[in-house]
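[1] Sequence first, then the predicted structure:
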Amino acid sequence: MEELDPDHLGYIEIWQLESLFLQGPSGQGYGNYSSALSINSQALSQNLVPPPRRGIAARWTRRARNYVSEYWKRIWVMGVWIALMGGLFTWKFIQYKQRRGAFEVMGYCVCTAKGAAETLKLNMAIILLPVCRNTITLLRNAKLGSIIPFDDNLNFHKTIAVAIALGVIVHGGVHLACDFPRILHAPDKKWNLIAGDFKYKRPDYWFFVRSTEGVTGVIMVVLMIVAFTLATRWFRRNLVKSHLPGPLQRLAGFNAFWFSHHLFIIVYICLFIHGICLFLTHTWYKKTTWMYLCLPILIYMGERCLRFFRSGTTGMKIMKVAVYPGNVLTLHMNKPQGFKYKSGQYVFLQCPDISPFEWHPFSITSAPADDYISVHIRTSGDWTQELKRIFSEVCERPMGGKSGLLRKDCNMIDGEEQKLPRILLDGPYGAPAQDYKKYEVMLLVGLGIGATPFISILKDMLNSLRFIEAQEDGASLSDNSTQTKKEPNCVKTRAYFYWVTREQGSFDWFKGIMNEIAECDQKGIIELHNYLTSVYEEGDARSALITMLQALNQAKNGVDILSGTRVRTHLGRPKWRKVFSKMATNHKGERIGVFYCGAPVLANDLRSLCQEYNDKYSNTYGTRFDFHKENF
Ligand SMILES: Cc1cc2nc3c(=O)[nH]c(=O)nc-3n(C[C@H](O)[C@H](O)[C@H](O)COP(=O)(O)OP(=O)(O)OC[C@H]3O[C@@H](n4cnc5c(N)ncnc54)[C@H](O)[C@@H]3O)c2cc1C
Ligand code: HEM
């Protein structure tokens with residue numbers, strides 16, 4: 001198990017260096033990457049890359065080919081979806097065009113409204129599928145991930161939501177602004193063709209609005225407006241909070257989004273009713289709304305039941321709790337029987353003492369072969385802060401001189417048993433990083449707490465390494481390496497892990513694993529690169545002193561003075577172009593998995609670099625960078 005205490009030998013804190021200089025640290029955060037990216041290592045790339053074929057046509061062909069080869073999964077899924085919508089719209093449009101009565105009275109308006117309604121039925125059904133997390137995790141494991149872009153599930157969900165919004169506008173708008181007025185003012189000859197549907201009584205405008213169809217329609221639109229608004233990024237991620245007046249501030253944030261999303265239960269009930277009570281209930285018309293909705297709703301209800309029963313009520317046995325610098329709480333929990341997961345996956349945690357309704361996702365940081373499940377939780381808002389507070393209350397205070405670390409195997413304090421807060425766990429769920437096994441070469445980039453999914457991957461690789469070494473030494477296998485037994489090939493794998501963090505204290509989170517890798521990985525299979533961004537950039541005079549001290553200390557006792565681990569810490573941000581160039585030349589002809597987890601700002605830059613290097617290298621050497629990202 002991971003060693004939690006910091007190793008003080010050879011460890012200095014950045015502030016201690018401050019006194020050597022008049023000026024404090026720049027304190028820059030992880031801000032503008034483009035400046036770092038514009039430091040163009042042209043000389044390097046010029047030597048490495050043969051000039052690409054010239055000409056606009058050649059360039060566009062190359063780009064198009066790379067685009068298709070990167071996004072072909074998205075392209076076909078979107079293609080099928082758009083074709084389905086187009087097909088349904090056209091089918092319904094033509095059907096109503098051929099119906100004499102309705103078409104004579106309402107013309108193309110009724111065709112358009114009914115066409116849009118048909119796409120709404122489809123979209124209201126399939127919008128549930130991308131959020132069936134258990135089903136997706138299952139399908140992902142069944143290797144369907146090679147043809148379906150499961151990582152894009154939430155984007156697809158949101159795209160369908162946009163189509164629904166458009167569908168509602170067209171369907172509702174055309175009915176209100178065109179169909180109803182035309183029925184009201186139709187000449188008698190035409191009116192007689194549809195009079196039977198209205199019991200031969202001319203309706204007034206409010207008849208439509210007051211009818212079951214009208215009322216359910218209005219309810220759906222109002223609830224959708226509320227839920228759609230609170231689901232937007234600005235509300236969900238708290239970005240508008242400071243702009244809202246006091247009482248409305250509670251409407252911003254994840255919880256408001258989450259609870260308002262449950263208004264969709266009422267929307268679905270209304271939709272069922274709306275689809276049954278139709279004005280133009282001709283004998284030829286089949287009511288099909290329920291047919292579209294039944295299966296997806298059943299699957300989604302199955303999901304919710306599974307989540308409810310699987311998470312249980314008794315809670316996990318907590319084996320260890322620690323609070324690290326940078327406000328990170330670590331929980332080590334016992335692994336329930338039969339709980340299987342892959343590195344890179346995540347779980348949902350609930351703490352009934354805080355709220356019986358809130359489930360929060362956290363990447364698993366232990367390896368599948370470990371006999372415990374661990375998560376590292378950074379306090380960022382109400383729930384995580386409260387979690388840290390209630391655990392800190394029942395756990396032992398930090399011991400003096402332990403650099404602010406709270407450390408505890410915390411069932412007993414002074415011989416008395418402490419009641420720990422209950423934690424319920426639901427999962428595991430699939431995430432992009434779990435696909436790391438598809439690649440023999442990986443570039444893992446974690447920003448701050450975004451390192452968590454990769455720590456599990458590194459631990460898993462380390463277990464495999466140990467297994468292989470034990471095999472080579474002819475040593476008998478330890479119990480917990482049975483899982484890695486099946487993967488003797490992983491020695492071919494190379495992982496480059498770049499961890500970029502703002503605070504020096506963050507290195508304590510994963511100190512144990514860093515040291516273990518540095519000690520055990522004699523074959524150089526895992527390359528670790530720590531970057532500290534809150535201090536001086538490399539090249540600054542002050543950084544020269546730190547670098548010198550680092551070198552001295554590392555030579556003397558093998559420990560980096562900044563991280564307190566055996567892994568060397570670099571100052572500033574990685575020069576990503578250099579990193580990509582190095583990987584492209586060292587792994588010519590290989591497919592390189594680039595996995596990123598952290599704030600979106602760097603994701604865009606890494607994605608562009610992958611595209612750029614694919615443009616340069618894939619046609620010449622066959623080297624490809626496949627980008628996968630996860631944003632917390
Ligand atoms: C797949 C995944 C894996 C994650 N892994 C880790 C991890 O290993 N370590 C870690 O420290 N953090 C992780 N996070 C982020 C973590 O879930 C949030 O920081 C936490 O839920 C914040 O809750 P809060 O109420 O304290 O903060 P808030 O201030 O309410 O929220 C902070 C941010 O977290 C988001 N968030 C809040 N509640 C939820 C929720 N129930 N579900 C999804 N997002 C939410 C909000 O949109 C906001 O952007 C992960 C998130 C995801 C989606
Ligand atoms: C008709 C419209 C919509 C319906 C029926 C719908 C339904 C759902 C459902 C059932 C879930 C799953 C909740 C769960 O069980 O975990 C969900 C999740 C989600 N929805 Fe929607 N939704 C709609 C519109 C939107 C819109 C407009 C957005 C954003 C712009 C959005 C964003 C999300 C997100 C981000 C999640 C995932 C939450 C998470 O798992 O972290 N949805 N939606």
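    Noted; the coordinates are in hand. Ligands and ions are numbered 1, 2, ... in the order given.

[2] So which bits of the stretch 101-250 of the chain are right by ligand 1?
    Arg236, Arg237, Asn238 (C-beta under 6 Å from any ligand atom). C-beta: built from backbone N, CA, C; applies to glycine.

[3] Make sure the first one is actually in contact with Leu230.
    Yes - in this structure Arg236 lies within contact range of Leu230 using C-beta atoms under 8 Å: 7.3 Å.

[4] quick revisit: buried subset of the residues of the stretch 101-250 of the chain next to ligand 1?
    Buried subset of these (neighbour count, 16 or more other C-beta atoms under 10 Å): Arg236, Asn238.

[5] Which ones among the residues of the stretch 101-250 of the chain next to ligand 1 map onto helices?
    Counting by DSSP state H, these place Arg236 in helices.

[6] Next, count neighbours for the closest residue to Gly622 other than its chain neighbours.
    Nearest residue to Gly622, sequence neighbours excluded (C-beta to C-beta, 6 or more residues apart in numbering): Gly589, at 4.4 Å. Residues contacting Gly589 under the criterion other C-beta atoms under 10 Å number 11.

[7] mind checking how far Gly589 is from Leu122?
    Counting by C-beta to C-beta, to the nearest Å, the gap from Gly589 to Leu122 is 43 Å.

[8] Could I get the pLDDT score of the residue nearest to Lys419 when sequence neighbours are not counted?
    Spatially, and ignoring its direct neighbours in sequence, Lys419 is nearest to Val394 (6.8 Å; C-beta to C-beta, 6+ apart). According to the prediction, Val394 has pLDDT 79.

[9] Likewise for Met78?
    On the pLDDT scale, Met78 gets 97.

[10] Could you say which helix or strand holds it?
    Element membership for Met78 (DSSP states H and E) is helix 56-97.

[11] mind listing what's buried in stretch 366-373?
    By neighbour count with 16+ other C-beta under 10 Å, stretch 366-373 contains the buried residues Ser366, Ala367, Pro368, Ala369, Asp370, Tyr372, Ile373.

[12] Now name the helix or strand holding the residue in the stretch 451-600 of the chain that ligand 1 sits nearest to.
    Closest to ligand 1 within the stretch 451-600 of the chain is Thr452: 3.5 Å, counting by C-beta to the nearest ligand atom. Per DSSP H and E: Thr452 is located in helix 452-472.

[13] list the helices and strands that helix packs on?
    Judged by 3 or more C-beta pairs under 8 Å, 6 or more residues apart in numbering; DSSP states H and E, helix 452-472 is in contact with strand 360-363, strand 372-378, strand 441-447, strand 494-501, helix 511-520, strand 526-532, strand 591-597.

[14] worst average pLDDT in those?
    With a mean of 79, helix 511-520 has the lowest mean pLDDT of the helices and strands packed on helix 452-472.

[15] Pull out the buried residues from that one.
    Buried residues in helix 511-520 (16+ other C-beta under 10 Å): Lys511, Gly512, Ile513, Met514, Asn515, Glu516, Ile517, Ala518.

[16] Name the SS class of the closest residue to the fourth one other than its chain neighbours, please.
    Spelled out, that is Met514. Leaving out its chain neighbours, the residue that sits closest to Met514 by C-beta to C-beta, 6+ apart is Thr565, at 4.3 Å. What DSSP: H, G, I helix; E, B strand; the rest coil gives for Thr565 is coil.

[17] can you tell me how far Thr565 sits from ligand 2?
    Distance of Thr565 to ligand 2, computed by C-beta to the nearest ligand atom, to the nearest Å: 33 Å.

[18] Number of residues surrounding Val209?
    14.

[19] pLDDT at it, what is it?
    Per-residue confidence for Val209 comes out at a pLDDT of 80.

[20] next one: Phe254
    Confidence at Phe254, expressed as pLDDT, is 86.

[21] Quick one: residues contacting the closest residue to it other than its chain neighbours.
    Using C-beta to C-beta, 6+ apart and skipping residues adjacent in sequence, the residue nearest Phe254 is Arg236, 5.9 Å away. By C-beta atoms under 8 Å, 6 or more residues apart in numbering, the residues touching Arg236 are Leu230, Gly253, Phe254, Phe257.

[22] one step back: got the CA coordinates for the helix holding Thr452 in CSV?
    Extracted C-alpha coordinates of helix 452-472, given in CSV (Å, rounded to 0.1, in the frame of the first residue of the first chain):
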residue,chain,number,x,y,z
THR,A,452,-5.9,10.4,-11.0
PRO,A,453,-6.9,8.0,-13.8
PHE,A,454,-3.3,7.7,-14.9
ILE,A,455,-2.0,6.8,-11.4
SER,A,456,-4.1,3.6,-11.6
ILE,A,457,-2.7,2.9,-15.1
LEU,A,458,0.8,3.4,-13.8
LYS,A,459,0.2,1.1,-10.8
ASP,A,460,-1.3,-1.5,-13.1
MET,A,461,1.8,-1.3,-15.4
LEU,A,462,4.0,-1.5,-12.4
ASN,A,463,2.3,-4.7,-11.2
SER,A,464,2.8,-6.2,-14.7
LEU,A,465,6.4,-5.2,-14.6
ARG,A,466,6.9,-6.9,-11.2
PHE,A,467,5.2,-10.0,-12.5
ILE,A,468,7.5,-10.1,-15.6
GLU,A,469,10.6,-9.5,-13.4
ALA,A,470,9.4,-12.2,-11.0
GLN,A,471,9.0,-14.5,-14.0
GLU,A,472,12.4,-13.7,-15.3
